[in-house]
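**Q** Okay, predicted coordinates and the sequence, questions at the end:
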Amino acid sequence: MSYIKGYDPETLREIVDLHECRERLDELGEQRSLAAMLERVWLLKVLDRLDDALIVSEEAVRLARMAGTRKDLLRARVLHATVQQFRGAHAAAIHELNMCVEEAEGQGWAALGAFACQHRGKTFYDARDYASARADFKKALFLRQEAGAPEEQLESTLLAIEAADRRRTGASVAS
């Protein structure tokens, strides 16, 4: 079940049903599997419980490092970076995402590379670097097409490209 109902065209943040997200968080409780921890991180993040999300994301990265695959670790690191982004620590998030994009590219993991590029683009977008955001969204679109991503992922990336274009145009007109 997807808790994402859409994306805000201005902020690019997920639009979610908060009640459903709280219910799911309660269902997960304190489960310690990596999948449950990653889901908890995302739920805490979209519920704006960023301190809790940061703690659980750090635990998830440690768990993935000890017991997961390299792909698991990469997913956990990207999610940890998104928490940093939401907390306004853009430089730290971009640094982490740079390493994630580089590793995904080095391993030939197009879907994970797209995931990391999309989130790095969102971080650039939040930091008002719209040109870099657009470049990452374009790269994510290419990688998602290469990986045969579902239509909703392609649509979210196209929405992000359009938003970055609008912001870039608005920024150049304002200067």
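**A** Looks like it came in fine. Residues are numbered from 1 along each chain as shown.

**Q** average pLDDT across the longest helix seen in the chain?
**A** Scanning the chain for the helix with the most residues, using DSSP state H, yields helix 151-174. The average pLDDT for helix 151-174 rounds to 88.

**Q** Contact partners for Ala67?
**A** Residues near Ala67 by C-beta atoms under 8 Å, 6 or more residues apart in numbering: Leu34. The C-beta positions use only the backbone N, C-alpha and C, and glycine is treated the same way.

**Q** Now the residue nearest the centre of the chain: which helix or strand?
**A** The centre of the chain sits closest to His119, judged by C-alpha atoms, centre = their mean, with a distance of 4.0 Å. Taking DSSP states H and E as the definition, one finds His119 inside helix 110-126.

**Q** Show me the contact partners of the longest helix of the chain.
**A** Against helix 151-174 from outside (C-beta under 8 Å, 6+ apart): 7, 9-10, 12, 114, 118, 121-122, 125, 128, 130-131, 133-134, 137-138, 140-141, 144-145.

**Q** got the CA positions of that helix in CSV?
**A** The C-alpha trace of helix 151-174 is given here as CSV (Å, rounded to 0.1, in the frame of the first residue of the first chain):
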residue,chain,number,x,y,z
GLU,A,151,4.8,5.3,-14.4
GLU,A,152,4.2,7.0,-11.1
GLN,A,153,8.0,7.3,-10.5
LEU,A,154,8.5,8.8,-13.9
GLU,A,155,5.6,11.2,-13.3
SER,A,156,7.1,12.4,-10.0
THR,A,157,10.4,13.0,-11.7
LEU,A,158,8.8,15.0,-14.5
LEU,A,159,6.9,17.0,-11.9
ALA,A,160,10.2,17.8,-10.2
ILE,A,161,11.8,18.9,-13.5
GLU,A,162,8.9,21.2,-14.2
ALA,A,163,9.1,22.7,-10.6
ALA,A,164,12.9,23.3,-11.0
ASP,A,165,12.3,24.9,-14.4
ARG,A,166,9.6,27.2,-12.9
ARG,A,167,11.9,28.2,-10.0
ARG,A,168,14.9,28.7,-12.2
THR,A,169,12.8,31.0,-14.5
GLY,A,170,11.4,32.8,-11.5
ALA,A,171,14.9,33.3,-10.0
SER,A,172,16.4,34.7,-13.2
VAL,A,173,13.4,37.1,-13.7
ALA,A,174,13.8,38.3,-10.1
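
**Q** Sounds good, over and out.
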